[in-house]
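*Asks:* here's my sequence, what's the structure:
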Amino acid sequence: MREYIQFFWKSKSVCLFWVSCVLLGSSGNVAPANVVLENTFFRYEIAGNGRNVSFLDKSGGKDLLKAQKASFCSDVTVNGKVLPVKSVELKEGLLEMRYSGVNGSVVLDVAVKPDRISLKVVSAPELTESLTILNVPLSLEAQPYEPFGACVLSMNLFTHVRQLPPLQTHLWAKCYQKFGLKGAEVTLLGLPQKDLLPVIRDVMSKAADVPPSQAGGAWAADAKEGYGSYLMNFGTLTEETADEWIETCKSLGFNQIDSHGGAGFFDFGTLELNKEKWPEGWDSFKRINAKLRENGISHIFHTYAFFIDKSTHYVTPVPHKDLGYARTFTLAEPVTETSDVITVNESTANISTITGFHTENSVTLRLGDELIEFSEVTRTPPYQFKGLKRGANGTRTATHAQATRALHMSERFGRFVPDPDSELFRQIAEKHASIVNECGFKGIYLDAIDGANVLGGEEHFWYYGTKFVFEIAKNLKSSVGMEMSSMSHHWWHYRSRWQAWDRAVRGYKRFIDIHLASVKNPSLFLPEKMKSNEWEHGLWRGNTPLIDKFAGVKNGQTMLPLHLGWWGNQTWDPPQIEPTFPDDVEYLAVKMLSNDAGYSQLGGVDAKTLKTTPLFSQAAGIIRRYEKLRHQKYFDESVLAKLRQPGKDFTLVGNDEDGWTFKPRKYEKHKVLGHDHESKAWKVGNDFRAQPLKVRIEPLMSVKPYDDASGIVLADFSTQTEFSTRQISEGVSGRIAPGGETTRKQENTLAFTARNAGQTPPDAAYINAEKTYHKGLSLRDNKGLGVWIKGDGNGQLLNLSLRSPDHISHGAHGDRFVRIDFKGWKYFELVEIESSAISDYVWPDDSHFYVYDSYRHTIDFAQIDRFQLWYNNLPAGKEVRTVIGPVKALPLVETTIKNPAVTIGDKTITFPVEMQSGMYLEFYSDGDCKLYDAKGNILSEVKIEGEVPVLNSGVNELRFGCESNREVSPRVQVTVISEGNPMTDVKNKSISR
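*Replies:* Take a look at the predicted model:
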């Protein structure tokens, strides 16, 4: 019997509701009655016309339906048109839905249990291309601080659910004719949050069409694998070096190793090991893994999912028959062994010759068993591929008859892929499982799976990526933890932690906060307007209010263990890469501890590197100490909640014998931009008690003078058409026009005028103008900018941004900000690329203002193709106007400063040293002042001169001075360090100032 009939005997009230729905929906001219789907915990009501009426949390008595505008429970797509539902009716456990302009109806089987409701497609009209089974937008934030949670679970491969379990803001599910309509099934949950994971475990344990895993998803929080930290191995872990790796892991407090394949290690696709290093193949790793396990270390198998290296036997010398391709052409003419042109019948107008690591495109054709690369394409008839490299990838040059198929190969990350419906696709997945089974790996990392849209288009990313995960899971002998470089609904069930990002190279503390905010609320960057329906690392678009709201939340939407890798420490490398100081690493360690999050180290922790780079050795010591306390669960939740606060620094004090506690700290950075520049005097707020000054001083790179002959003019505004406006937020208007005046150098100017009518908040009010260098521009030796700007004092943000082609820089942008909070002319020397400040504003979705592009990626100064002028922070209801002189790219130069000094009030402390760009000095007390080189080597102990100034509680006025030559302006970053009292009561773990 059906489950809803069985439930009759268990719940009289639900049965009565059932009968009433059938009676009210009887035949005749009476409009269909409202349909109610209800169990012990929630009540979902749909009007007879398909409009959502309510979604009631029965325990709290709160309607959770998002009521901003009317929503409907379903729609269908026929002949490319989305057709809305027009009626719904429930009869004997079958929900019948009809649609405007469609003959026939969709029928869903409805099965009710006390803690879940299932919906399964029984039938759909023949012409249905897609069917939205469920569509219920909710007012929930899907966060752990809410008592109630709702979730829809897909019960098979071909049912598409957009959001991740277990906490969702939109209950939505869809199926497609391409993959199958009949049998598409979801389970709908609405429960007190404490019950969600146990119920999901029960649901998925009985899911016949979803391969099981008890290492991820609803089981992940109880499995220790997801809480570990790992060291990344790129091919140096062998039986001979295993002891060294074990020692390094222990020295960091790590309990995992991640072995990332690639050149010199194992090939992607075939997964074959380098026989020179591992002559016994994967049998070596059986022994390696056994030894790691004996030492409490587990091992993760890290691949590029289904991607195939071009050097493998799947490609050369004879390409495998199942290699995937994006498009088919037919030869219009025969191709001989010496032909240098391929002519085809079909249009080549949309074929690109641009490739790159993140570019989904190939320049490879397959003719029979020959691969041919091309570098030119004609856009009009005759359609031809030119600039040929015959017999590419070690294949054999051959003759090909007219009408032969020419396959344009699918490629991303510089690698081919299998046809996703082929035996090769399944074979690669099975090989993953076989290696894990035989060698005793405890985890799988499916990197590059974020490129799954290469298999069938972006709209089918969810299906083919999941298909690969399923193929692996069903061939595993026992469950192991999984990670992926992206995420889709089904993958949550296998995922043991969430979510590693690639390393930042600047703005580290802000990057960590953004990482935390993103992993705790991924749906923030997933509105329906986005092209992709999946979660890919580094795409989160939240700005300051969202970062501050979510970064400090305990756990988050996915209820998975959290991960704050990958991490790589950096040394001085201006203007795009910032050094990683100990306080950056301690910030990471504090957030790991307070979120019980592991992390992963990309490298730089081997004995040789730690010896030559003491800055990295300090970092390793910090991590080791914190990891020990994290795994001991040393601190209680009252402390951890305070440590989770975004933007708040703390430092660990104490020892194992007397106990550990924290002091709150503050690091306030300020750039001094020259001897006579107004920035040499500034104000610093001290949130704590009065205390002696503590400071870090870093000489930065300077810029050659504006008039230096080596300067390259980026824009001289000699023509009005030099710039064109591009991206504009709602209610913003603007224009580029001649400035109508000259600079103090008597040069032409441009006036950038804009107005925000008020529809958009100032921090999201932007407009962009762009100049393109069609032949490219090299600024390899000119990485700084010099520009005269006349401000109007209205506070708008001007962003001068250099860009490289996306396929080279992966979307990076070289932004430099000028806040127009002044009136009249000023000269600016712009050096360091912005990072943290980018997140104070909202930028357009399609302009690559993503996290990675601001914090990780770098432009190639040797290949600049665009120069952009951006406005943001436009005041509402006001016109702003900035006059800009010619923008010059200028060489950077190192500077030397002598005797830097800091003054507060009538007290000055002088440091009798000579410092060059890249060095840094840290002063903590009269007996603790050291000068370091760029790698953290101590150059000298510094004996101060003068009396140590006092940093009073509240606002302090500081002044900086130094000696240097006057050829260039010395640029110096001064970081004032203040701290509060330690926790006064270790037992109660309370923090006080």
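
*Asks:* the longest strand seen in the chain: what's the following helix or strand?
*Replies:* Using DSSP state E to define each element, the chain has its longest strand at strand 659-672. Going down the chain from strand 659-672, the next helix or strand is strand 681-686, by DSSP states H and E.

*Asks:* in that next one, what counts as buried?
*Replies:* Trp682, Val684, Asn686 (16 or more other Cβ atoms under 10 Å). Placement of C-beta: from N, CA and C, glycine included.

*Asks:* how near is Leu153 to Thr159?
*Replies:* Using Cβ to Cβ, to the nearest Å, Leu153 is found at 9 Å from Thr159.

*Asks:* which residues are in contact with both of the two?
*Replies:* Common neighbours of Leu153 and Thr159 (criterion: Cβ atoms under 8 Å, 6 or more residues apart in numbering): Val186.

*Asks:* picking up where we left off before, output the longest strand of the chain as CSV, nothing but the C-alphas.
*Replies:* Listed in CSV are the C-alpha atoms of strand 659-672, where the atom choice follows Å, rounded to 0.1, in the frame of the first residue of the first chain:
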residue,chain,number,x,y,z
GLY,A,659,47.5,27.9,31.0
TRP,A,660,46.6,29.8,27.8
THR,A,661,44.6,32.9,27.3
PHE,A,662,44.2,35.7,24.8
LYS,A,663,44.8,39.4,24.5
PRO,A,664,42.8,41.4,22.0
ARG,A,665,45.0,43.3,19.6
LYS,A,666,44.7,45.9,16.9
TYR,A,667,47.0,46.5,13.9
GLU,A,668,46.4,49.9,12.3
LYS,A,669,48.2,50.4,9.0
HIS,A,670,49.0,53.8,7.6
LYS,A,671,51.1,54.9,4.5
VAL,A,672,53.3,57.9,4.7
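
*Asks:* in that strand, which residues are buried?
*Replies:* Trp660, Thr661, Phe662, Lys663, Pro664, Arg665, Lys666, Tyr667, Glu668, His670, Val672.

*Asks:* which strand residues bridge the fourth one?
*Replies:* Bridge pairing for Lys663 (DSSP bridges) gives the partners Thr651.

*Asks:* surely it and Ile977 touch.
*Replies:* No: no contact is recorded between Lys663 and Ile977 when judged using Cβ atoms under 8 Å, the distance being 11.1 Å.

*Asks:* isn't there a helix covering Ala218?
*Replies:* Yes: under DSSP: H, G, I helix; E, B strand; the rest coil, Ala218 falls within a helix.

*Asks:* and Leu181, what does it touch?
*Replies:* By Cβ under 8 Å, 6+ apart, the residues touching Leu181 are Val121, Ala124, Thr128, Leu131, Cys175.

*Asks:* ok, how many other residues are close to Asp781?
*Replies:* When neighbours are counted by other Cβ atoms under 10 Å, Asp781 registers 13.

*Asks:* what's the spacing between it and Ala889?
*Replies:* Asp781 is 9 Å from Ala889, by Cβ to Cβ.

*Asks:* same thing with Val344?
*Replies:* Applying Cβ to Cβ, one obtains 43 Å for the distance of Val344 from Ala889.

*Asks:* and Pro418, by the same measure?
*Replies:* Counting by Cβ to Cβ, the separation of Pro418 from Ala889 is 46 Å.

*Asks:* ok, Arg819 touching Leu797?
*Replies:* Yes: here Arg819 lies in contact with Leu797, judged by Cβ under 8 Å, at a distance of 5.9 Å.

*Asks:* quick one, which of those two is more surrounded?
*Replies:* For Arg819 versus Leu797, the count of surrounding residues by other Cβ under 10 Å is larger for Leu797: 21 against 12.

*Asks:* mind checking pLDDT for that one?
*Replies:* Per-residue confidence at Leu797 stands at 98 (pLDDT).

*Asks:* now do the contacts for it.
*Replies:* Taking Cβ under 8 Å, 6+ apart as the definition of contact, the neighbours of Leu797 are Phe817, Val818, Arg819, Ile820, Tyr841, Trp870, Tyr871, Asn872, Asn873.

*Asks:* going by distance to Pro84, which of these wins?
*Replies:* Within those, distances to Pro84 taken as Cβ to Cβ reach their minimum at Tyr841, with 37.5 Å.

*Asks:* count of neighbours near that closest one?
*Replies:* A count of nearby residues for Tyr841, using other Cβ under 10 Å, gives 21.

*Asks:* pretty sure it contacts Thr760?
*Replies:* No: because the distance of 11.4 Å does not satisfy Cβ under 8 Å, Tyr841 is recorded as not touching Thr760.

*Asks:* could I get the full set of helices for the stretch 151-300 of the chain?
*Replies:* Under the criterion DSSP state H, counting those that start in this stretch, the stretch 151-300 of the chain carries helices at the ranges 193-205, 242-252, 283-294.

*Asks:* please convert the buried residues of strand 659-672 to CSV, extending it with pLDDT and distance to Ala220.
*Replies:* Formatted as CSV, the entries for those read as follows, by pLDDT from 0 to 100; distance: Cβ to Cβ, whole Å:
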residue, pLDDT, distance to Ala220
Trp660, 96, 28
Thr661, 96, 31
Phe662, 97, 29
Lys663, 96, 34
Pro664, 97, 32
Arg665, 98, 33
Lys666, 98, 36
Tyr667, 98, 35
Glu668, 98, 39
His670, 98, 43
Val672, 98, 49
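
*Asks:* farthest pair within these?
*Replies:* Trp660 and Val672 (36.6 Å).

*Asks:* give me the low-pLDDT residue ranges for the stretch 601-750 of the chain?
*Replies:* Screening the stretch 601-750 of the chain residue by residue with the criterion pLDDT under 70, one finds the ranges 720.

*Asks:* kindly report the same for the stretch 451-600 of the chain.
*Replies:* Across the stretch 451-600 of the chain, residues meeting the criterion (pLDDT under 70) sit at 523-535.

*Asks:* quick one, helices of it?
*Replies:* Counting by DSSP H, counting those that start in this stretch, one finds helices in the stretch 451-600 of the chain at the ranges 461-473, 508-520, 544-550, 582-595.

*Asks:* which one of the ones you listed is the most hemmed in?
*Replies:* With neighbours taken as mean count of other Cβ atoms under 10 Å, those reach their highest mean count in helix 508-520, at a mean of 25.

*Asks:* what does it rub up against?
*Replies:* Contacts made with helix 508-520 from outside it, assessed by Cβ under 8 Å, 6+ apart, are listed as 143, 498-499, 501, 504, 524-525, 540, 542, 546-547, 549-553, 555-558, 562-564, 578, 580, 584, 587-588, 591, 595, 644, 646-647, 649, 835-836, 839, 851, 855.

*Asks:* angle of it against strand 659-672?
*Replies:* For helix 508-520 against strand 659-672, the angle between stretch directions is 120 degrees (axes from the mean of the first three to the mean of the last three Cα atoms, to 10 degrees).

*Asks:* dump helix 508-520 to CSV, restricted to CA.
*Replies:* Below are the C-alpha coordinates for helix 508-520, written out as CSV (Å, rounded to 0.1, in the frame of the first residue of the first chain):
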residue,chain,number,x,y,z
TYR,A,508,45.1,38.2,4.1
LYS,A,509,42.9,39.0,7.1
ARG,A,510,40.1,40.4,5.0
PHE,A,511,40.3,37.3,2.7
ILE,A,512,40.0,35.0,5.7
ASP,A,513,36.8,36.8,6.8
ILE,A,514,35.3,36.7,3.3
HIS,A,515,36.2,33.0,3.2
LEU,A,516,34.4,32.4,6.4
ALA,A,517,31.3,34.5,5.4
SER,A,518,31.1,32.6,2.1
VAL,A,519,31.4,29.1,3.5
LYS,A,520,28.7,30.0,6.1
